[in-house]
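> Provide a 3D model corresponding to the input given below.
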Amino acid sequence: VEATAHFDDPELVGNISKGLGNAMAGLEESQLETKMASRGH
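Below is the predicted model:
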């Protein structure tokens, strides 16, 4: 929240972000199975 409130202060955002750990792993969209709800017809 603090980083969002001070998005225009890169030094402060950098200090706040220390110690957060690794970023969340991404997923390759083309490798995901599309699941849609079955609807009528």
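> every contact and neighbour count from this point should use C-alpha atoms.
OK.
> quick one: Lys18 from Leu12, how far?
10 Å (CA to CA, to the nearest Å).
> where does the closest residue to Ala3 other than its chain neighbours land on pLDDT?
Here the nearest residue to Ala3 in space, its sequence neighbours aside, is Val13; by CA to CA, 6 or more residues apart in numbering that works out to 5.1 Å. On pLDDT, Val13 comes in at 93.
> same thing with Arg39?
pLDDT, read off for Arg39, is 76.
> using the three-state scheme, assign it.
What DSSP: H, G, I helix; E, B strand; the rest coil gives for Arg39 is coil.
> what's the answer for Ala23, then?
Look at Ala23: counting by three-state DSSP, its state is coil.
> more neighbours: which of Lys18 and Leu12?
When neighbours are counted by other CA atoms under 10 Å, Lys18 and Leu12 differ, and Leu12 comes out ahead with 13 against 8.
> contacts for the helix or strand encompassing the more buried one?
Per DSSP states H and E, Leu12 falls inside helix 10-17. Here helix 10-17 makes contact (CA atoms under 8 Å, 6 or more residues apart in numbering) with 2-3, 6-7.
> among these, which are in helices?
Among the contacts of helix 10-17, the members falling in helices (DSSP state H) are 2-3.
> among the contacts of helix 10-17, who's most crowded?
Within those, most neighbours by other CA under 10 Å means Ala3, with 15 neighbours.
> separation between that residue and Gly19?
For Ala3 relative to Gly19 (CA to CA), the value is 14 Å.
> farthest-separated two in the contacts of helix 10-17?
Put simply, by CA to CA the two of the contacts of helix 10-17 set farthest apart are Glu2 and Phe7, 8.5 Å from each other.
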